[in-house]
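Chemist: got a sequence here, can you model it:
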Amino acid sequence: METFFVVSRWVHIVAGFTGFFVAPVALAVYKGGPAHRWWGRVFFWAMAVSGTTALVGAQHINSLFLLLTAIFSLYMAVFGYRSVFLKHLAWDARVALGDWLAAGLGLAVFGGTVAYGWRVGNIPVTVFGSIGAFTALQQLRGYSRAGRWSKTQWLLNHISGFMGSYIAAVSAFSVTSLRFIPFPYNFLWPTALGVPVTAWWQWRVRRQRVATTAPAPDLSASPVPALHR
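Modeler: Alright, predicted model coming up:
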């Protein structure tokens, strides 16, 4: 059994480092192109393997930090990946039962995390739980408005999910490896940097949508006279 946990630990480390270095590549290449889709899948599966093995490791070493980080990372990775398949909710009001159940379970888990973190005075746990609960609540709200989504809502969700998962991965690396950073800053600095980057990226998406959907100017009322031969 001990051999199993040792192998699981090394699989977790390899998958975690893969996701750590792959995410910037997926962000750097052309969005929506083959390279972006390829590296995005690599990142998703790296986070899936890393999060799953972290759940196993957390039980073995009795680490609440590893358990919560794994749950948060897995949830956000699935949220970001699943959003790619929900583009139809811009015109179709049918939401799969599994999506409702996943968001509802996420809200219950993260809501409990916030309550626990608040009770014991653990700031990082409260912060991560609050972000997770807010994400799940927004999912449920979005599903209730299915059929009336903007055409870019799926992309906003995609960005939030994958960036949230990446923030969790960097946080785990910071806590376990960057021991010169004191607690709780070692846990929180990736969130402090990652959340503004996520907000900026979503602002760009919204701005581009406004630019592409802006009505064309009415040239019929132009004061410039038409040219005639």
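Chemist: packing partners for the helix or strand of the chain with the lowest mean pLDDT?
Modeler: Across the helices and strands of the chain, mean confidence by mean pLDDT, DSSP states H and E is lowest for helix 185-213: a mean of 83. Here helix 185-213 touches helix 123-144, helix 153-177, going by 3 or more CB pairs under 8 Å, 6 or more residues apart in numbering; DSSP states H and E. C-beta coordinates here come from the backbone N, C-alpha and C atoms, glycine included.
Chemist: quick one: that helix to chain centroid distance?
Modeler: Averaging C-alpha positions (CA atoms, centre = their mean, to the nearest Å) puts helix 185-213 11 Å from its chain's average.
Chemist: for the most centrally placed residue in the chain, which non-adjacent residue is spatially closest?
Modeler: Central residue of the chain (CA atoms, centre = their mean): G161, 1.7 Å from the mean position. Setting aside the residues directly before and after it, G161 is nearest to G80 in space (CB to CB, 6 or more residues apart in numbering), at 2.4 Å.
Chemist: check which helix or strand covers that neighbour.
Modeler: Assigned by DSSP states H and E, G80 falls within helix 64-83.
Chemist: list the buried residues for that helix?
Modeler: 65-83 (16 or more other CB atoms under 10 Å).
Chemist: quick one, it and helix 153-177 angle?
Modeler: Orientation note: helix 64-83 sits at an angle of 160 degrees relative to helix 153-177 (axes from the mean of the first three to the mean of the last three CA atoms, to 10 degrees).
Chemist: list the helices and strands helix 64-83 packs on?
Modeler: Checking 3+ CB pairs under 8 Å, 6+ apart, helix 64-83 ends up next to helix 34-61, helix 97-120, helix 123-144, helix 153-177.
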